[in-house]
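Asker: Here is my input; please provide its structure:
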Amino acid sequence: MKPFYKLFAMLVALLFVAPAHLLAKVTLPSVITDNMVLQQKTKAGLWGKAAAGINVLITTSWDSENYSVNTNNAGNWNVKLSTPAFGGPFTITINDGDETVLRNILIGEVWVCSGQSNMEMPLAGWGFINNYEQEVASANFAKIRLLQLQHVTSNALVNDAAVTSNGWTVCSPDNVKSFSSVAYFFAREIFNTTGIPVGLIHTSWGGTIAEAWMSSITLKTTSDFAEATRKIEQEAGSQNVNDYNKKVQDWQQMFVTRDNGYANGRAIWADAINTGDWKTMQVPTLWESSVLPEFDGVVWLKKKIMVAANMVTQGLQVSFGPIDDNDITWINGTKVGQTEGYAVERTYNIPAGLIKEGENEITIRVFDGAGGGGFYGDADKIALTSTDGNRVSLTGAWQYKVGVDMKNMPASPVQASGPNRPTVLFNAMIHPLLNYTIKGAIWYQGESNAGRAYQYRWLFPILITDWRKNWQQGDFPFYFVQLANFMKPYEGPEQSAWAELREAQQKTLSLSNTGMAVTIDIGEAKDIHPKNKQEVGRRLALIALSKTYGKAIEYSGPVYLSKVVNGNTIRLNFSHEAGGLKAAEGVALNGFEVAGADKKFYIADASIISNVVVVVSSKQVLQPLQVRYSWANNPNGNLYNGKGLPASPFRTDDFTGVTEGKK
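Answerer: Below is the predicted model:
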């Protein structure tokens, strides 16, 4: 027994006299893992924690240099590794007395990929891009690496990111299917063209506003966001969840109280009533692009249908496809279903005996909180169907009436942990990345700020400046996607918040080292998430290949330069007309409007002269002064250059817009 006690005593003594580095193993941030990519030909950041006041030794397999650093009182250490031109795989060894080895490291190009849902949209899953099965199956790229951040908010700065459990992963079918499709196609084009490994750090969140991605220091310098930002810092997530839920319940009850379709809590408009003062809209449609522009709130819809006797004896379902945002549905005054969520398909089983032979009435109460509103799915899915295959289409004319306008309601409660608050995504999903050395950033966002497009004119540029200041890497490349076409196709001159947001994005190109991928030709009328993400990623990559990697390629479609008024015509000059200006598919040139002194726009005739100039005119405007091109939610412009890249929407006037002054 004595030898055991002697050994035990020696071990205890050793614990008191042993150097501190024998007591703790180095810990690394979540963004430093096996399989990562470090930025080539630079000083790449590497950092972590160990015991306080000890020496940490770092060595790499790409050179013989040793890096020695002492931890501070909190145990933190930080070094800059000299990286060579691209290559690998390499290892990094970190030794604080206990060795940690990072393996399968590549040296290449690191890009941060951020924004809202069109950046987040994966190859498969809720997005299902074009040809997704083949794209996923062929995504074997050992030299493209992926890092996925999780959705997290914080009222205060966070130092370590929440990432998926595996950290950095090698691009493979299993790893890429839930990753950003835009980011992947961007990287694929860069790698296939240059052969340089690419690391993608994906940090985005669908439906989020730009100011959520900005630092509090910057936002507090703005009059629009200073107060809200200071309040968030003061609250620091202290709002009680039960208090928030109670506020939401009270707000929802207020909505019912103010809804004209309810009386004493009963849905009186679901009953058979006189609808003589109701108007008509076509279904499917998004009401903001048709009968109710810029409207958010509750709309009630009714439709009478005839049902044959042979269907009454069958099991019946009613389907509407997706509805933006929430619905409650009644048939002949009886509630049959209720769904929340703009992307959810609606299918409700109908109780036996509820549908009768002859005339029946369907009533739907639709709530829309922002943008769109109404039915936007495939017409074939909007029907009453029976188990034996009989079908009654529910498309076409529906009667409608507004129940409550959001303008007459107080603002909805804001959750303390919700993402659409100033600075909370910067704190949790950008700040933890700032030590990581990058090449640049790609960005796809703006849909959630379209209602405040004039504000975006200054907000977006200071977001870019804010990121550059915080990363402390100079004016690194920042390339972004201009909003695609969406909503009801163009029928004539119109006011458009989306056009104004695109203009704000265009103006942001005045910042150095920025670039904009125009996607005005690849959107979808009924889907805010276009499926052709391959072309979005490719157009972003063209900008990077030209401006960052020095390839002699055209990266932009025609960009308006100047106009010359000549009698009843206006001549327009463009840059980026490589290969000559042309109309798509050889059809007539579309998308132009002209206005005279009365500021009223009319559809214009347009033609291309000498492959470099567009001449526009209209018989309705004898003395045209101003021109607009593709100025609509979903315009029909078809001007391209010889490289097949579309012209960016523009206007020559500075008339007051629909979003001017909105905050």
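
Asker: going forward, measure contacts between C-alpha atoms and count neighbours the same way
Answerer: Will do.

Asker: the strands in the stretch 301-450 of the chain, which residues?
Answerer: Shown for the stretch 301-450 of the chain, the strands assigned by DSSP state E, counting those that start in this stretch span residues 316-324, 326-331, 334-339, 345-350, 358-368, 374-375, 383-386, 391-393, 396-405, 440-444.

Asker: What separation do you get for I328 and A267?
Answerer: Distance, I328 to A267, using Cα to Cα, to the nearest Å: 10 Å.

Asker: same check, this time on N513
Answerer: 56 Å.

Asker: which strand is the longest one in the protein?
Answerer: strand 99-115 (DSSP state E).

Asker: So T465: helix, strand or coil?
Answerer: helix (DSSP: H, G, I helix; E, B strand; the rest coil).

Asker: Average pLDDT for stretch 400-417, rounded please.
Answerer: Per-region confidence: stretch 400-417 scores 83 on mean pLDDT.

Asker: buried stuff in that stretch?
Answerer: Y400, K401, V402, G403, V404, D405, M406, Q415, A416, S417 (16 or more other Cα atoms under 10 Å).

Asker: closest to T164 among those?
Answerer: S417 (19.9 Å; Cα to Cα).

Asker: From A397, how far off is the closest one?
Answerer: 41 Å.

Asker: and if you look at T285?
Answerer: To A397, T285 is 10 Å away according to Cα to Cα.

Asker: Name the residue in those two with the higher neighbour count.
Answerer: Shown here are T285 and A397; by other Cα atoms under 10 Å, T285 has more neighbours (24 against 16).

Asker: Enumerate every residue touching the more buried one.
Answerer: G374, F375, Y376, K488, K526 (Cα atoms under 8 Å, 6 or more residues apart in numbering).

Asker: Model confidence score at it, please.
Answerer: At T285, pLDDT is 86.

Asker: what's the answer for M10, then?
Answerer: According to the model, M10 scores 37 on pLDDT.

Asker: what's stretch 512-524 in contact with?
Answerer: With Cα under 8 Å, 6+ apart as the criterion, stretch 512-524 contacts 475-487, 505-506, 508-509, 529-530, 532, 536, 539-540, 543, 547, 556-557, 634-635, 638, 646-649.

Asker: Just the endpoints, please. Distance across that stretch?
Answerer: Stretch 512-524 end-to-end distance (Cα to Cα) = 31 Å.

Asker: How about stretch 507-518?
Answerer: 13 Å.

Asker: who has more neighbours, N513 and A267?
Answerer: Using other Cα under 10 Å as the criterion, N513 and A267 rank with A267 on top: 17 against 14.

Asker: Pull the contacting residues for the closest residue to the more buried one other than its chain neighbours.
Answerer: Sequence neighbours aside, G261 is the residue nearest to A267 in space, at 5.8 Å (criterion: Cα to Cα, 6 or more residues apart in numbering). By Cα under 8 Å, 6+ apart, G261 lies in contact with A267, I268, W269, A270, W300, G403.

Asker: Which ones among those residues lie within strands?
Answerer: A267, W300, G403.

Asker: low pLDDT regions in this structure?
Answerer: Applying pLDDT under 70 to the chain flags residues 1-24, 236-245, 343, 414-416.

Asker: quick one: the helices in it?
Answerer: 2-17, 117-120, 132-137, 173-176, 181-194, 216-219, 226-235, 241-258, 309-312, 424-425, 453-471, 497-507, 533-547 (DSSP state H).

Asker: Now do the shortest one: everything it contacts.
Answerer: Counting by Cα under 8 Å, 6+ apart, helix 424-425 makes contact with V152, T153, S154, N155, A156, A212, W213, M214, P419, all of which sit outside it.

Asker: One more: the last one?
Answerer: Applying Cα under 8 Å, 6+ apart, the external contacts of helix 533-547 come out as 129-130, 181-187, 189-190, 442, 479-481, 513, 515-519, 551-556.

Asker: Out of the contacts of helix 424-425, which is nearest to A309?
Answerer: Looking across those and measuring by Cα to Cα, the closest to A309 is P419, at 51.4 Å.
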